[in-house]
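# Just need the structure, nothing else, for what follows:
(one chain, ligands or ions: 2)
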Amino acid sequence: MQKAEQLLLADRLLDYIERQTLQLSDEVYRQPVAEYTDRAQAAREHTVLFRSQPLCVGLSGDLPAPGHYATHDAAGLPLLLTRQEDGEFRAYLNVCRHRGARVAEGAGAGRGFVCPYHAWRYGLDGRLIGRPEDAAFAECDRADHALTPLAAAERAGLLWVQPTPGQPLMFSTHLAALEDELAGYQLAHFQPFGTRTLRRALNWKLALDTFLESYHFCVLHKDSICATFHHNLATFDSYGSHFRLVTPRRTIAELRQLPREDWQVLPHVVVIYVLFPNTVLVWQGAQVELWQIFPDAADPTRSLLQLTLYTPTSTITEKARAHWQRNLDLVLHVVENEDFPVGEGIQRGFAAGAQSHIVFGLNEAALAHFHQSVSAATGS
Ligand code: FES
Ligand SMILES: [Fe+2]
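Ligands and ions are numbered 1, 2, ... in the order given. Coordinates of the predicted model:
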C-alpha cells in the first residue's frame, strides 16, 4: 500500500476513534437465509463463482524455485501447480492421461512427474515424455496426451488459476486497481510457514462473513483479541466485487505523538482484502495469512478452509520460528474455537425456520457488499 494511502487511512481511523463511530452504509441489508442453505443457489455459485473466474491458489512463495510443484485440492479440483525451468508459473489438472490417476501428491521439486499407476512420465512442462510398452499405445499420439493445462498467472505475488480447461483467464477489471496496492506488499518475497485445512459445518459464505466486521470483537472475542483491537471500527473500501477492511490496533493512538510525515501506519492496523469470491488475504504486522474458503460440492451447509501463514524470507531463527508458530496458533485458536462454533450454530439455526432473512446493520457495510456481489454474479 502506498504511503499516501496509509496516511489517509490513519486519518480516517483516528477520526472514527475520536468520534466513536465508523462510516455507516445507507440502509440495513436483509440477507435471505436461503442463500446459505439452498442447493440451487450452491449450484449457481459453483458454476459462476468457482469454475468461471480465476481462483487465487496461493502466493508465489509456494513455488519458490524452478522445478517446484504443489498439488491443490481445496477447490474440489485436482490442481497441479508448477514453477517451470524459466521461472514461469503453470498449472495443470493432476490427472494422468492414461487412465486418470493423480501424477503428484503433496509438494516438492523435480524435473517432472511419474504416474504411480503405470509409470507414464511427464515433463515439468506437462508433455508426455515416456511410457512403458510404448508400442501398445502407438495409436495414441504422445503429443495429444500431455497433462491438461489450465490458464494461470502470477500477479502481485499471488498465484491464479482459471479452473475450467480451455478457458482463458477472466479477471475482473477491478483487480487491476487492487493489484497496484497489493504489489506494494512485495508478497512474492514471502514464504509459507504453515498450512492448516479445516472442514466445518457451515456454508462457505458464512465462514467468510466471520472476517467482515469488528462489531463482534469485544463480545465474542472479549477474552482474546478485544484487548488488541478497536471494537466496531474499520474502514471499508470496495474495488468492484473485491474489497478492503482496515481495523486499527489500540496502539494506533501512538501516532498522535508523532509528526504526520513520520507515521508508520501498517504496524498499527490489520488489513483484510477479500479477493472475490473466496480469498481472504490478511496483512498483519509482517505476516500474511491467506484464507482460501471453498464450498463443499455436495452440501451447501459445509465448507473447506485452507489457511496458510506466510512470513518474510529472512525469518529462519528458532526464536522467529517460535514467534510465527505462536501467531499461527493464536489465529487458529480464535477462529476455530470462537468464530466457527458460532457460525456452525447459525447454520443449524437456519434450518429451524426462525426467520427468512438475517440483517446486516449500517455498521456492517462489508457484509452487505459481499452478499450483493454474490447475488449480482449468480442472479439470485
Ligand atoms: S494411469 Fe497413469 S500411467 Fe496409467
Ligand atoms: Fe471473529
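
# Going by C-alpha atoms from here, please, whenever you check contacts or count neighbours.
Will do.

# Strands along the stretch 151-300 of the chain, start to end?
In the stretch 151-300 of the chain, the strands defined using DSSP state E, counting those that start in this stretch lie at 152-155, 158-161, 190-200, 235-239, 242-248, 269-275, 279-284, 287-296, 299-312.

# What residues sit buried inside the next helix or strand after the last one?
Spelled out, it's strand 299-312. Under the assignment DSSP states H and E, the closest C-terminal helix or strand after strand 299-312 is helix 318-334. Along helix 318-334, these residues count as buried under the neighbour rule (16 or more other CA atoms under 10 Å): 324, 328, 331-332, 334.

# could these go into JSON lines alongside distance to ligand 1 and pLDDT?
Conversion of these to JSON lines gives the following (distance: CA to the nearest ligand atom, whole Å; pLDDT from 0 to 100):
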{"residue": "W324", "distance to ligand 1": "39", "pLDDT": "90"}
{"residue": "L328", "distance to ligand 1": "37", "pLDDT": "92"}
{"residue": "V331", "distance to ligand 1": "40", "pLDDT": "91"}
{"residue": "L332", "distance to ligand 1": "38", "pLDDT": "93"}
{"residue": "V334", "distance to ligand 1": "42", "pLDDT": "93"}
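
# Return the nearest residue of the stretch 201-350 of the chain with respect to ligand 1.
Shortest the stretch 201-350 of the chain-to-ligand 1 distance, computed as CA to the nearest ligand atom: residue-wise this is A297, at 24.9 Å.

# gap between that residue and Q41?
As for A297, its distance to Q41 is 12 Å (criterion: CA to CA, to the nearest Å).

# between the two, what contacts are shared?
Counting by CA atoms under 8 Å, 6 or more residues apart in numbering, A297 and Q41 have no common neighbour.

# picking that back up, how about the nearest residue to the residue of the stretch 201-350 of the chain closest to ligand 1, chain neighbours excluded?
By the measure of CA to CA, 6 or more residues apart in numbering, the closest residue to A297 outside its immediate chain neighbours is G76, 7.1 Å from it.

# so the worst-scoring helix or strand of the chain on mean pLDDT versus strand 235-239, what angle?
When the helices and strands of the chain are scored by mean pLDDT, DSSP states H and E, helix 175-183 comes last with a mean of 87. Here the directions of helix 175-183 and strand 235-239 differ by 130 degrees (axes from the mean of the first three to the mean of the last three CA atoms, to 10 degrees).

# which parts of helix 175-183 are buried?
Using 16+ other CA under 10 Å as the burial criterion, the residues of helix 175-183 that qualify are 175, 178, 182-183.

# what does it rub up against?
Surrounding helix 175-183, the residues in contact under the criterion CA under 8 Å, 6+ apart are 1-2, 155-157, 239, 242.

# Of the residues you listed, grab the buried ones for ChimeraX.
To isolate the buried ones among the contacts of helix 175-183 in ChimeraX, judged by 16+ other CA under 10 Å, type:
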select :1,155,156,157,239,242
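
# a markdown table for the contacts of helix 175-183, including distance to A227 and pLDDT?
Listed next are the contacts of helix 175-183 as a markdown table, based on distance: CA to CA, whole Å; pLDDT from 0 to 100:
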| residue | distance to A227 | pLDDT |
| --- | --- | --- |
| M1 | 26 | 82 |
| Q2 | 28 | 84 |
| R155 | 36 | 94 |
| A156 | 33 | 93 |
| G157 | 32 | 96 |
| Y239 | 31 | 93 |
| H242 | 29 | 95 |
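
# coming back round to it: adding distance to H369, write the strands of the stretch 151-300 of the chain out as CSV.
Conversion of the strands of the stretch 151-300 of the chain to CSV gives the following (distance: least, CA to CA, whole Å):
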stretch, distance to H369
strand 152-155, 24
strand 158-161, 23
strand 190-200, 24
strand 235-239, 8
strand 242-248, 8
strand 269-275, 11
strand 279-284, 15
strand 287-296, 18
strand 299-312, 21
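
# quick one: which of these is nearest G123?
Evaluated over the strands of the stretch 151-300 of the chain, closeness to G123 peaks at strand 152-155, with 17.6 Å, by CA to CA.

# Could you find the closest non-adjacent residue to A34?
S356 (7.4 Å).

# so the one you found sits right up against Y36, yeah?
No. Contact status for S356 versus Y36: not in contact, 11.1 Å apart, counting by CA atoms under 8 Å.

# higher neighbour count, those two?
Y36 (21 against 11; other CA atoms under 10 Å).

# Where does pLDDT dip in this structure?
Within the chain, the set of residues satisfying pLDDT under 70 comprises 314-315.

# Identify the residue spatially nearest to the spatially most central residue of it, adjacent ones excluded.
The structure's the chain has its C-alpha centroid closest to T279; by CA atoms, centre = their mean the separation is 2.5 Å. Nearest non-adjacent residue to T279, counting by CA to CA, 6+ apart: Q292, 4.8 Å away.

# For T251, list the residues it contacts.
Residues near T251 by CA under 8 Å, 6+ apart: H268.

# I meant E85, not that one.
Contact analysis of E85 by CA under 8 Å, 6+ apart lists 66-67.

# now R302
With contacts defined as CA under 8 Å, 6+ apart, the neighbours of R302 are 199-204, 295-296.

# Ligand 1 contacts on the stretch 51-200 of the chain?
Within the stretch 51-200 of the chain, the positions adjacent to ligand 1 are 96, 98-101, 115, 117-120 by CA under 6 Å from any ligand atom.

# Name the member of these that has the highest neighbour count.
Among those, the one with the most neighbours (other CA under 10 Å) is C96, at 26 neighbours.
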